[in-house]
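**Q** Starting from these lines, generate the structure:
(one chain, ligands or ions: 1)
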Amino acid sequence: MCGIFGYIGKKNHAAEIVLDGLKKLEYRGYDSWGIAVKKGTTIKRERHVGKIGAAKTKLPVSNLGLGHTRWATHGGVTIGNAHPHVDCANTLCLVHNGIVENFRPLKEKLVKKHKFLSETDTEVALHLIESKAQKQPVARALRVAFNQVTGMNAFIVLNAKKDELLAVKNGSPLVIGVGKGENFIASDLWALLDHTNRVIFLEDGQLAQISAGQVKLFDAASGKALKPQVKRLDWQAQQSRLGRFHHFMEKEIYDQPKILDDLSRLSPGTIASVTRLIKKADKTFLLGCGTASYAALFGEYLLNFSGYDAQAIVGSEFQKFARLLTPKQAFLMLSQSGETIDVVDAVNLAKKKKMRVVGITNVLGSTLYRKSDLKILLGAGQEVAVASTKAFTAKLAILTQLAYQLNGNLDEAKKLIAQAARATQGLLSGKVRADIKKLATKIKDEDDIFAVGRLTSFPIALETALKIKEVSYAHAEGYAGGELKHGPIALIDQGTPCIVIAPKDQSLTDSLSAAHELKARGGLIIGISPQNDPVFDVHFKVPDLKEASAIPAAVIAQLLAYDIAVARGLNPDKPRNLAKSVTVR
Ligand code: M6R
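**A** Down below sits the predicted model:
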């Protein structure tokens, strides 16, 4: 959701450093942005609606600055609602990620003495801090105010009177980058990597006081000083570059053969430690949101097929299981970012219930990574496009290995994943690639597109539909093939595109029957299957890779979604209304 970047230090072009930091956070999704710098003991700021693009800043030279990309929650997308917000004296400014749930009663009290210039909950928090700062240092005022607001929030204050940045959080991620004679703060590790590899992950309930030469840490509840834990990142986390590609989504689809090949060589020890946990557990829950929830569902099928009791949960609905959770169960949490709020909430609950948590994530050092007992990294490299692609197939590759290892067949799974890597490579050029583009051009103006699959192909059908709708805005639905007759088939009309995922498994005959039913109602049948069938109007051949057949099928769906978006003249990297990482409820 919102992106945050702050700088304090020896350089006097803080505004440019902050602007550059915000550009690195653009991929998170936002609708407006702003920067503030210290000038003397006051604040100078600029705020804008829309994208940063090639914007340059005209703010004065300064060694202290703070910026924000806003994804609107409270108050419309206007310059007045864009962050940073300033206090009445124009000496403090605030950027914020989260939602101040009790903003209404707080505002009722503050409005008598403070001038409100926006509709945001953020400005309420700022005036609360300002009111508390009348009788005590700003750091303490922030702490008191933070303890008074409810909700999951990250606040960063620029105090122009004292040359300091103050940060406190509960829920939303914040990372401090430690430099020499300069320090940084960002909502996202990737934004810091050009500056430093020494970082402090701010934990929930911690408050940081950051000057050019020092970072002090406090417990936000008690005010007690804490020792900052500086972590040196010894991994090569490079900011992703577009290279020869037109969009990050395209690039990330093309990254997949290499990622899958690497995953086919994932350490057996990593897989074994997780399968030991699953074997000991009474039941395994798999949880994720959006695309990750479909990977979780794929995992549920595979674990059940392997003879283990497993259940997938959509992150935002996990509360319904709260009373059923016991320490004897295992929890597999799947999240590309490792910061999705519903996943973080679920981890916290699972830890409270003394469950062992396995975090399957793409981001080293993310909240999920840090909180998990066992960790598997996707190793997919930075995923910039809002639509998740390579992180999805990486999860499928890991889950396939876990399921096969449960029955002692890890070597076979590794072979299948290596084959899936090669099959994926084959889809990315030549005739198949051209045929997918041709199909996208043909169906680009269709309002409704359907995807069906059975068993392990059902989650792939759901993901196919999600990919199409989020980047092309076409209405797309995924169904379990057997469900068509129970209602959805009423929607099929002459020429309606119906993607039928039909691997050579026990569901093949039924999937082909579903294709016939769709065709009989006029559907244009697009088959993704190892073998052609007369029922298919268009056929994309994928090899028979048992459960791993899901991987090339998903890649075809990703390419089709991408091509439809491009054919519709849309930018698939930044779909409207969506953010890369959903850190508020
Ligand atoms: O970072 P996460 O994997 O936890 O994100 C979960 C979803 O927000 C994410 O998969 C979302 O559905 C994507 N836009 C899908 O392309």
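**Q** what pLDDT does the one residue in the stretch 151-300 of the chain that gets nearest to the ligand get?
**A** Closest residue of the stretch 151-300 of the chain to the ligand, C-beta to the nearest ligand atom: Gly290 (1.9 Å). C-betas here are computed from N, CA, C, even on glycine. Here the pLDDT value assigned to Gly290 is 98.
**Q** The one 5 residues further on now?
**A** Per-residue confidence for Ala295 comes out at a pLDDT of 98.
**Q** what about Val95, which SS state?
**A** Counting by DSSP: H, G, I helix; E, B strand; the rest coil, the backbone at Val95 sits in strand.
**Q** Mind listing residues that contact stretch 272-284?
**A** 303, 308-311, 326, 328-332, 356, 358, 374, 376, 402, 405-406, 410 (C-beta atoms under 8 Å, 6 or more residues apart in numbering).
**Q** Just the ones of these in strands?
**A** Counted as lying in strands by DSSP state E, out of the contacts of stretch 272-284, are Ala310, Gln311, Ala330, Phe331, Leu332, Arg356, Val358, Leu374, Ile376.
**Q** residues near the spatially closest residue to the third one that is not a sequence neighbour, how many?
**A** What that stands for is Ala330. Spatial nearest neighbour of Ala330, excluding adjacent residues (C-beta to C-beta, 6 or more residues apart in numbering): Ala281 at 3.8 Å. Applying other C-beta atoms under 10 Å, we find 20 residues neighbouring Ala281.
**Q** now Ala281: how far from Ser211?
**A** 48 Å (C-beta to C-beta, to the nearest Å).
**Q** returning to that earlier point: buried subset of the contacts of stretch 272-284, written for PyMOL?
**A** The buried residues among these can be selected in PyMOL (16 or more other C-beta atoms under 10 Å) with this line:
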select buried, resi 303+308+310+311+329+330+331+332+356+358+374+376+402+405+406+410
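**Q** Quick check: which of the contacts of stretch 272-284 are also close to the ligand?
**A** Subset of the contacts of stretch 272-284 in contact with the ligand: empty, counting by C-beta under 6 Å from any ligand atom.
**Q** what ranges do the strands span in the stretch 1-150 of the chain?
**A** Assigned by DSSP state E, counting those that start in this stretch, the strands in the stretch 1-150 of the chain fall at 3-9, 32-39, 42-49, 64-70, 85-86, 92-98.
**Q** Can I get the ones you listed in CSV including distance to the ligand?
**A** Formatted as CSV, the strands of the stretch 1-150 of the chain follow (distance: least, C-beta to the nearest ligand atom, whole Å):
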stretch, distance to the ligand
strand 3-9, 15
strand 32-39, 21
strand 42-49, 23
strand 64-70, 17
strand 85-86, 27
strand 92-98, 15
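**Q** Format those strands as TSV; extra columns: mean neighbour count.
**A** Putting the strands of the stretch 1-150 of the chain into TSV (neighbours: other C-beta atoms under 10 Å) gives the following:
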stretch	mean neighbour count
strand 3-9	28
strand 32-39	26
strand 42-49	19
strand 64-70	30
strand 85-86	24
strand 92-98	28
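**Q** Dump these to TSV, plus mean pLDDT and distance to Gly523.
**A** Supplementary listing: these in TSV, determined by pLDDT from 0 to 100; distance: least, C-beta to C-beta, whole Å:
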stretch	mean pLDDT	distance to Gly523
strand 3-9	96	42
strand 32-39	96	42
strand 42-49	96	42
strand 64-70	96	42
strand 85-86	96	53
strand 92-98	94	44
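**Q** Could you tell me which residues of the stretch 401-550 of the chain lie near the ligand?
**A** Glu470.
**Q** Flag the shaky bits of the stretch 401-550 of the chain, pLDDT-wise.
**A** Of all residues in the stretch 401-550 of the chain, none has pLDDT under 70.
**Q** Smallest gap between it and the ligand, at which residue?
**A** Taking C-beta to the nearest ligand atom, the ligand has its nearest neighbour within the stretch 401-550 of the chain at Glu470, 5.6 Å off.
**Q** Contact partners for that residue?
**A** Glu470 makes contacts with Val386, Ala387, Ala561, Pro575, Leu578, as judged by C-beta under 8 Å, 6+ apart.
**Q** Which of those residues fall in helices?
**A** Residues of these located in helices (DSSP state H): Ala561.
**Q** Filter the contacts of Glu470 down to the buried ones.
**A** Neighbour counting with 16+ other C-beta under 10 Å marks Val386, Ala387, Ala561, Pro575 as buried within the contacts of Glu470.
**Q** Can you tell me, leaving aside adjacent residues, what's nearest to the third one?
**A** Read that as Ala561. The shortest distance from Ala561 to any non-neighbouring residue, by C-beta to C-beta, 6+ apart, is to Lys467 (3.8 Å).
**Q** Next one: the one you found from Ile525, what distance?
**A** From Lys467 over to Ile525 the distance is 19 Å, taken as C-beta to C-beta.
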